[in-house]
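**Q** Any chance you could fold what I've pasted below:
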Amino acid sequence: MERVLELYELQYSDLMKMCSDQKPASNEEVERLKLISESIMQNLGRDGPGLLSIHGVPEARALPETLFPLARKLALLNDDHRKRILKLQDHNLGSDVPLKNQDRIVSSFAMQMKYDQEFNYKPKDDRTATEFSGGEFKDLGFKFQQLGFLMMELGLRLARVCDESIGGCELEQSLLQCGTAKGRLIHYHSVTDNSAIKTAAKHARSGKVNPKGNISSVDGDSNLWQQWHYDYGIFTILTAPIFMLSEQECESPSGHTYLQVFHPEMNCTLMVKASKGSFIVQVGESADVLSKGKLRATLHSVVRPAKMEHLSRETFVVFLQPAWTKRFSLSDYPVDRLTLRDQDSESCNGETNGLSRKIHEIVPPLFSRLRDGMTFAEFSRETTKQYYGGKGLQSNR
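**A** Prediction:
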């Protein structure tokens, strides 16, 4: 039986009020905003799940609805055509997954977006009408940046609210000093998507199909689109996903997002439910460390529904991180948070405890990846190595 986590929903208007220099109009409003701030920390903090949602953001539906259909179309294009679209100056997109792997179950299209320390930015709008940038892809790069910067601003404002509760301005300043964030437009493949990719490749190569394609090279569990892991930045901002049956948008088969989190206090996995048009905010390990454990990093995966061969999933993600030169101090960090605690909660059955042990086997504990005085760049390299390197815990999954 799936257990569902309905996310705490922060209204965008309230987030803006909490970040405003203008004082609330009444004592009642002061108290109301204080209670909201406490709820934010309860959900992102030590005893919470490490994530929440933000609702009521302007353009929250219009921009994703423009981008999401393009994710699947890009994923199914032949390699040469897709490469020419992504590399156009007005798109300037790349990928951080092997797109030539015909058995990949995720296609990701990425861009590094830059801003200055006053968080000034300007999406580049030099759209040109060429053979490849015209038509449905002509606004790809511009819309990508518009949505990306909108989500970056949400993360920055939430960092300020968290700083006020924690004390200091560590999170907000770390984001401003970084000056860049990574955006990813992600298509989670249906089974039939992969069949279409292989059929097209077979026709293009006169019957030669890549014999090295292996779904386990991306994900070792056929019921997961994305394996269990922590994000290692400060915040990860995600759009609530949409689902597609072939080329038609559809409702989630289960009513939730298929984002799955592991709640360490409950020792249980929970399926995340978020309202349409909302943005999900997850805490990363850097925020956990910089806040001295007052925020909790979110251990998560993405479930692939069984027996739904035509179902795909689309989302857009922005990763907010510290500057590569940022140094971490563990002097006041709670020692028990450096390792995954193997709890045997009475609230969970044997099957859940088995999953808990399996997760612990494939997620390298923080103490093995982070040492006092490490820079974020060093932590990032060590984390990637231990997850996916030659001898990494998920390198063959």
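
**Q** where exactly do the helices run in the stretch 201-350 of the chain?
**A** 285-290, 350-362 (DSSP state H, counting those that start in this stretch).

**Q** Could you identify which of the ones you listed has the lowest mean pLDDT?
**A** Mean pLDDT is lowest for helix 350-362 among the helices of the stretch 201-350 of the chain, at a mean of 76.

**Q** Quick one: the strands in the stretch 251-397 of the chain, in order.
**A** Using DSSP state E, counting those that start in this stretch, the strands of the stretch 251-397 of the chain run over 259-263, 268-273, 279-283, 299-303, 311-320.

**Q** any chance of those strands in TSV, with mean neighbour count too?
**A** For glycine as for every other residue, the C-beta is placed from the backbone atoms N, C-alpha and C. Formatted as TSV, the strands of the stretch 251-397 of the chain follow (neighbours: other C-beta atoms under 10 Å):
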stretch	mean neighbour count
strand 259-263	22
strand 268-273	20
strand 279-283	25
strand 299-303	22
strand 311-320	24
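
**Q** Would you convert these into JSON lines that also reports distance to C162?
**A** Below are the strands of the stretch 251-397 of the chain laid out as JSON lines (distance: least, C-beta to C-beta, whole Å):
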{"stretch": "strand 259-263", "distance to C162": "19"}
{"stretch": "strand 268-273", "distance to C162": "20"}
{"stretch": "strand 279-283", "distance to C162": "9"}
{"stretch": "strand 299-303", "distance to C162": "19"}
{"stretch": "strand 311-320", "distance to C162": "12"}
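
**Q** looking at those strands, which is closest to K83?
**A** strand 311-320 (20.9 Å; C-beta to C-beta).

**Q** and the closest one, what does it pack onto?
**A** With contacts defined as 3 or more C-beta pairs under 8 Å, 6 or more residues apart in numbering; DSSP states H and E, the packing partners of strand 311-320 are helix 62-76, helix 140-166, strand 180-188, strand 235-239, strand 242-245.

**Q** the inter-axis angle of that strand versus helix 62-76?
**A** 110 degrees (axes from the mean of the first three to the mean of the last three C-alpha atoms, to 10 degrees).

**Q** now strand 311-320 against strand 279-283, angle please.
**A** 60 degrees.

**Q** avg pLDDT for strand 311-320?
**A** 98.

**Q** Over to stretch 31-48?
**A** 96.

**Q** which residues make contact with that stretch from outside it?
**A** For stretch 31-48, contacts defined as C-beta atoms under 8 Å, 6 or more residues apart in numbering pick out 7-8, 10, 14, 17-18, 24, 49-52, 158, 161-162, 164-165, 265, 281, 283, 293-296.

**Q** For it, buried residues please.
**A** Neighbour-count burial for stretch 31-48, counted by 16 or more other C-beta atoms under 10 Å, picks out L33, I36, S37, I40, M41, N43, L44, G45, R46, G48.

**Q** Nearest to K326, out of those residues: which one, please.
**A** L44 (19.9 Å).

**Q** What values do phi and psi take at R296?
**A** phi -110, psi 120 (degrees, to the nearest 10).

**Q** just checking, it touches V289?
**A** No. Assessed by C-beta atoms under 8 Å, R296 is found out of contact with V289, at 11.3 Å.

**Q** Specify the beta-bridge partners of V303.
**A** Assessed by DSSP bridges, V303 has beta-bridge partners L224.

**Q** residues contacting it?
**A** Counting by C-beta under 8 Å, 6+ apart, V303 has contacts N223, L224, W225, Y258, L259, Q260, M271.

**Q** Same check on P69?
**A** P69 neighbours (C-beta under 8 Å, 6+ apart): M244, E247, E314.

**Q** And for V57?
**A** V57 neighbours (C-beta under 8 Å, 6+ apart): Y12, L150, L154, G277, S278, F279.

**Q** Turn those into JSON lines, columns for pLDDT.
**A** Listed next are the contacts of V57 as JSON lines, based on pLDDT from 0 to 100:
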{"residue": "Y12", "pLDDT": "98"}
{"residue": "L150", "pLDDT": "95"}
{"residue": "L154", "pLDDT": "97"}
{"residue": "G277", "pLDDT": "93"}
{"residue": "S278", "pLDDT": "97"}
{"residue": "F279", "pLDDT": "98"}
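
**Q** can you pick the most crowded of those?
**A** F279 (25 neighbours; other C-beta atoms under 10 Å).

**Q** Surely that one touches L51?
**A** No. Checked against C-beta under 8 Å, the pair F279 and L51 is beyond contact range at 10.7 Å.
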